[in-house]
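K.L.:
Below are the sequence and a predicted model; questions follow.
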2 protein chains.
Amino acid sequence: MAKPVQVTVSSPTNIAVIKYWGKRDAKANTPINSSVSITINQRDLRTVTTVTASKEFSKDRLWLNGTEESVADNKRVLAVFREVRARAGDRVDSTTGEVAVKAADWASMRVYVVSANNFPTAAGLASSAAGYAALAHALGELMCYTGSLDELSAVARQGSGSACRSLHGGFVAWDMGAKADGTDSMARQVAPAEHWPELDVLILVVSDAKKTVSSTSGMDTSIKTSKLLAHRAASVVPERMVRMEAAYLARDFAAFAELAMADSNQFHSTCLDTYPPIFYMNDVSRAVIQVVHAFNSACGETRAGYTFDAGPNAVLLTRKEHTAQLLAAVLAFFPPSAEAEAGFVNDAALRAQAAKAGQPAGLPALLAKMAPLKGLVKKVYHTDVGPGAHPLDDAESLATPNGLPHAPPPPPAGATWGIQLAWALGLGYPLACIGGALMGK
Amino acid sequence: MAKPVQVTVSSPTNIAVIKYWGKRDAKANTPINSSVSITINQRDLRTVTTVTASKEFSKDRLWLNGTEESVADNKRVLAVFREVRARAGDRVDSTTGEVAVKAADWASMRVYVVSANNFPTAAGLASSAAGYAALAHALGELMCYTGSLDELSAVARQGSGSACRSLHGGFVAWDMGAKADGTDSMARQVAPAEHWPELDVLILVVSDAKKTVSSTSGMDTSIKTSKLLAHRAASVVPERMVRMEAAYLARDFAAFAELAMADSNQFHSTCLDTYPPIFYMNDVSRAVIQVVHAFNSACGETRAGYTFDAGPNAVLLTRKEHTAQLLAAVLAFFPPSAEAEAGFVNDAALRAQAAKAGQPAGLPALLAKMAPLKGLVKKVYHTDVGPGAHPLDDAESLATPNGLPHAPPPPPAGATWGIQLAWALGLGYPLACIGGALMGK
């Protein structure tokens, strides 16, 4: 009996700075406009996926965050399996140099998938992007996908549109394409993260409640009812794509951030123009926007930007020389509740720098009428731009050699009651799998 | 010495259901698109203005809500004065039948203006619309303006754009016009209030705080920065104007309310597409929107609509047969604080009917996740559609025969400490002038 073959990969999420909203074709999962994103460093937020193939398996199976989900009922997952299998290659054993699995044999081998995120699902951070990018990349690595990484991104796109942008690192454009079958609707790396290492990111978690309107259903309603969305796609985005790529390549922070802010607001304005209207931002999101504009006014230049996906969480953009000052402003206007105080910022060193740097001198006067909103930002993640999906060592596998998920380990020694509760609720598995990436940088 | 001549008028506010946002020409105060509104009944909310002319007066003077304001420094007020004087007519004394003031003499007579609102200034209800409509109408009555009411509306427009719609009652279109000087940018009555007496209105006062961005400066920024506003004005509004007028004339409530909701949302979406973005609605406004859509779902038909001007207050539209049911839903999801309980709804009889009618049976289940937002709606006004600006009897004059504001009367017997404080702060004057219009219907 042949030994099962196993691959583990890690995939990042990404944050669009020119937004994708609206499908051109639901089946092909193609967009009505191109978009462009930064890939978030996997040190902080990532999906890990282990895939195991064996001739002994009778069907494809999937465990997501410790719970088994149906593969047969999930059209998106099925599409990714189908597309990777269609272009599978010979798998060579790296130690023996011999062909372990022939290209033609993948069709008869079933796969077990074990996947876990380390960020709240469906809270406005694109966990589905990281998840489908990880799935496509893991299956691609396993089955020695014969296409290019850009072509593999078109496979990930069929799982979740924005997932195509997570295969690459750095600054990534998703060109909408023109073909009906979507084969030219794929991601392209504009520049790697190393091109602009100064770019920095603070993610403010405003709420981890489930979204009331999913992206897919929201887009569908917007396409049908918004009178502004088609105009945005046809007449506004193309010109913005050109300017945004140019700003990134030129490392022109003011142009980059101002365009990101305008495009985030325009995306949310098309949601509001939908009938019934869709609201992803709340009063806390709006207060964050107000603080960022006032921060820039106080600094006399654009040192910060923001972008919001389909949820209330804010993604703040800045340059590393200004991150501490920006964090100081965030802490002044959005102080943590007493319970959230410990570990409120995932980067203790940065928090110490922020205390030293202080907020810009003129900012309190500009926001004299705004009382601090205590406890309404729940967590601040400091991160930056990073690489795309990539394989991990076997030591980071989420599965046994037979492809089944590892049993959850016991909670860490000295765990707080909150962590113990998470374990009791069955959340210990994904938390432990991720290996404490959130505990420190 | 000739006796001063005095006229007192009352003017309503109006609520646009196809919104005006953006000036074509700042000097002429012409809009980038046509708009259409309902005129709010003056029983509930109005501006009263008394104008007194005398050859003895050395300059034009203006008292607004008890405080004297400069006329010479107010270009909008000056424009209204100038335009009415330019087309003044002979004033005939109604008792003697003789010409009291010749048309040519108005140029040498100065005018004292005393004006008072009975609703919070700049809180998102169009107090400036009522104010400038009252000023134009009062001066027009005083000086026997020789143009038509539509032409007088173009004079009011130079004070405040939306003021032109308050001269007429019922359902009023403001046609944007084409001329550079704005003389064809005027209001036209589509139908009087009597055409559709079933139409009913609930105004939910969400906050009476001052707006952070005035309409004039907001529009200016939107025109300069929004990529969606010009598209709305050119390609969306013209078709909506036609459909909205047809819906009103046909008394088609569902078409009327659905278009009003969509257009309110689109107006706010162009504000959000402005850079920096402008937010007039807050989380309470959004909760009201959610309740209205759920209310309609629970009823199986569109029985309620909403529209929001440049502020967080909600104007709910319904038919009189459904007002009690709608109010019951409002009271269920937005109960008053203990302090606001007394007089929370200005119409005690309707509140009793609402208690009897109850909210729609299916509504609580649809909004099971929404906890009641206690105390966040501060006041509910029940009103409906009414007539335009019109003269009042001398008994309602706000001024002495010599044109000076009446001294504030003492606070009413048994006044609460809040009312006493208002008097102490000098607010007693407008409150008393209005004659307690808010106390009951």
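P.N.:
Alright, I've got the coordinates.
K.L.:
Who are the packing partners of the helix or strand residue A:221 falls within?
P.N.:
Mapping residue A:221 onto the secondary structure by DSSP states H and E places it in helix A:215-225. If contacts are counted by 3 or more Cβ pairs under 8 Å, 6 or more residues apart in numbering or on different chains; DSSP states H and E, helix A:215-225 sits against strand A:23-25, helix A:253-272. C-betas here are computed from N, CA, C, even on glycine.
K.L.:
Out of the ones you listed, which is closest to residue A:146?
P.N.:
strand A:23-25 (25.3 Å; Cβ to Cβ).
K.L.:
roughly how far is the closest one from the heart of the chain?
P.N.:
21 Å (Cα atoms, centre = their mean, to the nearest Å).
K.L.:
ok, back up a step: specify the stretch among the helices and strands packed on helix A:215-225 that is closest to chain B.
P.N.:
Closest of the helices and strands packed on helix A:215-225 to chain B is helix A:253-272, at 3.8 Å (criterion: Cβ to the nearest Cβ).
K.L.:
Tell me what angle the next helix or strand after the closest one forms with helix B:253-272.
P.N.:
Elements were assigned by DSSP H and E; along the chain past helix A:253-272, the next helix or strand is helix A:283-299. Helix A:283-299 and helix B:253-272 are oriented at 30 degrees to each other (axes from the mean of the first three to the mean of the last three Cα atoms, to 10 degrees).
K.L.:
how about helix A:283-299 against chain B, any contact?
P.N.:
Yes. Using Cβ under 8 Å from any Cβ of the partner chain as the criterion, contacts between helix A:283-299 and chain B involve A:283, A:286, A:289, A:293.
K.L.:
what's that helix in contact with?
P.N.:
Residues from elsewhere that reach helix A:283-299, judged by Cβ atoms under 8 Å, 6 or more residues apart in numbering or on different chains: A:204, A:206-207, A:261, A:302-306, A:308, A:312-314, A:316, A:322, A:325-326, A:329-330, A:333-334, A:359-363, A:366-367, A:370, A:373, A:376-377, B:276-277, B:279, B:282-283.
K.L.:
Buried only: go through these for me.
P.N.:
By neighbour count, with 16 or more other Cβ atoms under 10 Å in any protein chain shown, these hold A:204, A:206-207, A:261, A:302-306, A:308, A:312-314, A:316, A:322, A:325-326, A:329-330, A:333-334, A:359-360, A:363, A:366-367, A:373, A:376-377, B:276-277, B:279, B:282-283 as buried.
K.L.:
Show only the entries of the residues you listed found in strands.
P.N.:
Per DSSP state E, strands hold the following members of the buried ones among the contacts of helix A:283-299: A:204, A:304, A:305, A:306, A:314, A:316.
K.L.:
coming back round to it: same list (the helices and strands packed on helix A:215-225) but as TSV, adding mean pLDDT and distance to chain B.
P.N.:
TSV is the format used below for these (pLDDT from 0 to 100; distance: least, Cβ to the nearest Cβ, whole Å):
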stretch	mean pLDDT	distance to chain B
strand A:23-25	96	20
helix A:253-272	98	4
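K.L.:
most tightly surrounded among those?
P.N.:
Relative to the other members of these, helix A:253-272 carries the highest mean neighbour count by mean count of other Cβ atoms under 10 Å in any protein chain shown, namely a mean of 24.
K.L.:
domains for chain A, by residue range?
P.N.:
A:5-195+A:389-434, A:199-384 (automatic domain parsing).
K.L.:
Quick check: residues of chain A near chain B?
P.N.:
Near chain B, when you scan chain A using Cβ under 8 Å from any Cβ, you find A:225, A:227-228, A:231-232, A:235-236, A:258, A:261-262, A:265-266, A:268-270, A:272-277, A:279, A:282-283, A:286, A:289, A:293.
K.L.:
circling back to that earlier point, let me know the closest of the residues of helix A:283-299 next to chain B to residue B:188.
P.N.:
residue A:286 (37.5 Å).
K.L.:
Other residues contacting stretch A:354-369?
P.N.:
By Cβ under 8 Å, 6+ apart, the list of residues contacting stretch A:354-369 from outside reads A:290-291, A:294-295, A:297-299, A:324-325, A:327-329, A:331-333, A:345.
K.L.:
Which pair of those residues spans the longest distance?
P.N.:
Longest distance between any two of the contacts of stretch A:354-369 is 24.4 Å, between A:297 and A:345; criterion Cβ to Cβ.
K.L.:
Between these two, which has more neighbouring residues?
P.N.:
The residue with more neighbours, out of residue A:297 and residue A:345 and counting by other Cβ atoms under 10 Å in any protein chain shown, is residue A:345; that gives 19 against 16.
K.L.:
can you map out the helices along the stretch 51-200 of chain A?
P.N.:
A:75-86, A:127-142, A:149-159 (DSSP state H, counting those that start in this stretch).
K.L.:
Looking at the longest one now, give me its mean pLDDT.
P.N.:
It stands for helix A:127-142. Confidence for helix A:127-142, expressed as mean pLDDT, is 94.
K.L.:
Which of the domains of chain A has the lowest mean pLDDT?
P.N.:
For those, the stretch scoring lowest in mean pLDDT is domain A:5-195+A:389-434; its value is a mean of 89.
K.L.:
chain center to that domain, what's the gap?
P.N.:
In terms of Cα atoms, centre = their mean, the gap separating the centre of domain A:5-195+A:389-434 from the centre of its chain is 11 Å.
K.L.:
which one is residue A:279 nearest to, not counting chain neighbours?
P.N.:
Computed as Cβ to Cβ, 6 or more residues apart in numbering or on different chains, the closest residue to residue A:279 that is not its neighbour in sequence is residue B:286, at 5.2 Å.
K.L.:
number of nearby residues for that neighbour?
P.N.:
Once other Cβ under 10 Å is used to define contacts, residue B:286 is seen to have 18 neighbours.
K.L.:
how close does it sit to residue A:274?
P.N.:
With the distance defined as Cβ to Cβ, to the nearest Å, residue B:286 ends up 13 Å from residue A:274.
K.L.:
Doesn't residue A:9 belong to a strand?
P.N.:
Yes. Assessed with DSSP: H, G, I helix; E, B strand; the rest coil, residue A:9 lies in a strand.
K.L.:
quick one on the thing from earlier: which one of the ones in strands among the buried ones among the contacts of helix A:283-299 sits closest to chain B?
P.N.:
Closest approach between those and chain B, by Cβ to the nearest Cβ: residue A:306, at 10.3 Å.
K.L.:
about what we covered before: nearest approach to residue B:108 belongs to which of the helices and strands packed on helix A:215-225?
P.N.:
When the helices and strands packed on helix A:215-225 are compared for distance to residue B:108 using Cβ to Cβ, the nearest one is helix A:253-272, at 52.6 Å.
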